[in-house]
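[1] Sequence below, structure please.
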Amino acid sequence: MSLGVIVLAAGKGTRMKSELPKVLHRAAGRSLLGWVLAAVDPLEADEIVAVIGHGADAVVDALPSGVASVVQEPQLGTGDAVRVGLSGCGDTVDTVLVVPGDMPLLEACTLATVVETHRDQHAAATVLAVEMDDPTGYGRIERRGDQVVGIVEDRDTDDRQRRINEVNTSVYAFDAELLGDALGRLGRDNSQGEYYLTDVIGILNADGHRVVGVVTDVVEGAGVNSHAQLARVGEALRSGINDRLMAEGVAMLDPSRVYIDAGVAVDPGATIYPDVYLEGDTTVGAGAVVGPSVHAGNTSIAPGATVRFSVLDGAVIGPEATVGPFSYLRPGTDLKEGAKAGAFVEIKNSQVGVRSKVPHLSYIGDTTIGEASNIGAATVTVNYDGFEKHRTTIGDRVRIGSDTMLVAPVTIGDDAYTGAGSVITHDVTPGALAIERSHQKEIPGYADKRKRRASRDGE
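    All right, here's what the predicted structure looks like:
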């Protein structure tokens, strides 16, 4: 049997008040559409077609390989959208699963249950439903026994129907041939002037076909039509990620204050403190301690490393290395094993060698630091001449004195020293001490002279 999936992703999302297509808004590291496609992927469908419309080019760019797209233009309702999507499916598809592109909490196992139930029941259509304490605003599902006889939109309900708490999620499985026939018979004589997919259920019933329902947890039925709803589903997605990680052995002191994207990998044995944001392709190794108050994106944090009160963007933190507090590690930063980037340190496009330290108040840019070197407070590698960036090389076991300016391009040899307050513009040979200072002058009695002058001026 052949399965086709139609993902409805054409809507603008007017209530989002954004030019970004609704399905491309992000929650917990993925777009809404990305979450839906992740739930669809385990079904191993023969064909997946996204129906697109508003912001079509941006949506196409976001589609993974293997997902086709068709454009709904003009947009004449959900029935029209499915008709357009069905035209993109091959003739061999016998079961069609229809999924909205704005329901990121859908689970793959739930979608599989819908398809399995549909086939086991030999149904013409299967509707995924949820039960709500307050179903106001949702289409009610009417049943006669286990037969779904209709879906009534909220604005069309009578007193009896308004008391029904089983509502439609807009997820369906259909017999492909019967769906195509019913879509061709839809009308749009309604207040919206649109083709409603829900009317297909009535057509199939009138033709004497079997329509069944599957009920899932109400959480999965949450769609996104506003930023408030986006925030709520984001919270639910993050909670699921954190629960899974803790079950795998990751320690979290307060998971409600930990924000981990779907693409992040955290190994068992790591500890995550509150107010930590891990995004993109970030990885955290076993025994690492991250937080409190860390924002890391596309960063590798190796086993045993410690990162506190810092921002990391595209950095590599080696085993047992330490970062922070209040460090800013920019793209290309590579701290080797046991290295340190301490308080109020900024590093960019630089390698800090094994056991080397940049303890505090320094800027290291476009620099290679060897092993076991120490960079004194307030050191700056002066890497930009106003036109081009230049590189600084610092060897092994080097001691850079506090408040040293290293004007690139410059090389400091192994075992060399620089005196505090120096401006180093030439290479320093291995083992040497480089000092660049003016001679200190002293003017005796200067304070008394100032006082006498101030007294005269005041007369």
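[2] The nearest residue to residue 56 once chain neighbours are set aside bridge partners, please.
    In space, and not counting its chain neighbours, residue 56 is closest to residue 71: 5.6 Å by C-beta to C-beta, 6 or more residues apart in numbering. Bear in mind the C-beta positions are built from the backbone N, C-alpha and C, glycine included. Note on residue 71: beta-bridge partners by DSSP bridges are residue 52.
[3] Pull the number of nearby residues for residue 71.
    By other C-beta atoms under 10 Å, 15 other residues sit near residue 71.
[4] Same question for residue 447.
    Number of residues near residue 447 (other C-beta under 10 Å) recorded here: 9.
[5] Assign a three-state SS to it, would you?
    helix (DSSP: H, G, I helix; E, B strand; the rest coil).
[6] What separation do you get for it and residue 455?
    13 Å (C-beta to C-beta, to the nearest Å).
[7] Find the residues that touch each one of the two.
    Here residue 447 and residue 455 have no joint contacts, going by C-beta atoms under 8 Å, 6 or more residues apart in numbering.
[8] residue ranges of the strands in the stretch 51-200 of the chain, please?
    Using DSSP state E, counting those that start in this stretch, the strands of the stretch 51-200 of the chain run over 67-71, 95-100, 125-131, 140-144, 147-152, 166-175.
[9] What is the burial count for the residue nearest to residue 355 when sequence neighbours are not counted?
    Excluding the flanking residues, the one nearest residue 355 by C-beta to C-beta, 6+ apart is residue 338, at 4.4 Å. Residue 338 is flanked by 20 other residues according to other C-beta under 10 Å.
[10] what about residue 338, which SS state?
    Secondary structure of residue 338, per three-state DSSP, is coil.
[11] so what's residue 58 up against?
    20-21, 24.
[12] Filter the residues you listed down to the buried ones.
    Neighbour counting by 16 or more other C-beta atoms under 10 Å classes 21, 24 among the contacts of residue 58 as buried.
[13] For the nearest residue to residue 113 once chain neighbours are set aside, identify the helix or strand it belongs to.
    Nearest in space to residue 113, with sequence neighbours left out and distances taken as C-beta to C-beta, 6+ apart, is residue 214 at 5.9 Å. Per DSSP states H and E: residue 214 is located in strand 211-215.
[14] residues of that strand that come out buried?
    211-214.
[15] That strand pairs with which strands, and in what direction?
    strand 125-131 (parallel).
[16] so the partner strand versus strand 147-152, what angle?
    70 degrees (axes from the mean of the first three to the mean of the last three C-alpha atoms, to 10 degrees).
[17] ok, and what's touching whichever helix in the chain runs longest?
    Ranked by number of residues, the top helix in the chain under DSSP state H is helix 227-248. With contacts defined as C-beta under 8 Å, 6+ apart, helix 227-248 is touched by 16-17, 25, 27-28, 32, 35, 104-105, 219, 222-224, 252, 255-256, 258-262, 266, 268.
[18] buried stuff in that helix?
    Quick answer for helix 227-248 (16+ other C-beta under 10 Å): 229-230, 232-234, 236-238, 241-242, 245-246.
[19] thinking again about what came up before, now for the residue nearest to residue 56: which residues touch it?
    For residue 71, the contacting residues are 10, 51-53, 56, 84, by C-beta under 8 Å, 6+ apart.
[20] ok, 10 Å please
    10, 50-53, 56, 59-60, 84, 88 (C-beta atoms under 10 Å, 6 or more residues apart in numbering).
[21] looking at those residues, which has the most residues close by?
    residue 52 (30 neighbours).
[22] Contacts only, for that residue.
    By C-beta under 10 Å, 6+ apart, the neighbours of residue 52 are 7-11, 21, 23, 33, 58-60, 62-63, 69-73, 81, 84-85, 101.
[23] Look up how far residue 10 lies from it.
    For residue 52, the distance to residue 10 - C-beta to C-beta - is 5 Å.
[24] Next: residue 360.
    54 Å.
[25] re the thing from before, what do residue 52 and residue 10 both touch?
    With C-beta under 10 Å, 6+ apart, residue 52 and residue 10 have common neighbours 21, 23, 59, 70-73, 81, 84-85, 101.
[26] In CSV: these, plus distance to residue 163 and pLDDT.
    Shown next, in CSV, are the shared contacts of residue 52 and residue 10 (distance: C-beta to C-beta, whole Å; pLDDT from 0 to 100):
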residue, distance to residue 163, pLDDT
21, 37, 94
23, 33, 96
59, 39, 96
70, 39, 95
71, 41, 94
72, 35, 92
73, 40, 90
81, 30, 95
84, 36, 95
85, 34, 95
101, 31, 96
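[27] Compile the residues you listed into a markdown table and extend it with columns for distance to residue 348.
    Formatted as a markdown table, the shared contacts of residue 52 and residue 10 follow (distance: C-beta to C-beta, whole Å):
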| residue | distance to residue 348 |
| --- | --- |
| 21 | 34 |
| 23 | 35 |
| 59 | 35 |
| 70 | 45 |
| 71 | 43 |
| 72 | 46 |
| 73 | 46 |
| 81 | 48 |
| 84 | 49 |
| 85 | 47 |
| 101 | 39 |
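[28] Which stretches in the stretch 301-450 of the chain count as helices?
    Ranges of helices in the stretch 301-450 of the chain, per DSSP state H, counting those that start in this stretch, are 446-458.
[29] which secondary element of the protein has the worst mean pLDDT?
    helix 446-458 (a mean of 86; mean pLDDT, DSSP states H and E).
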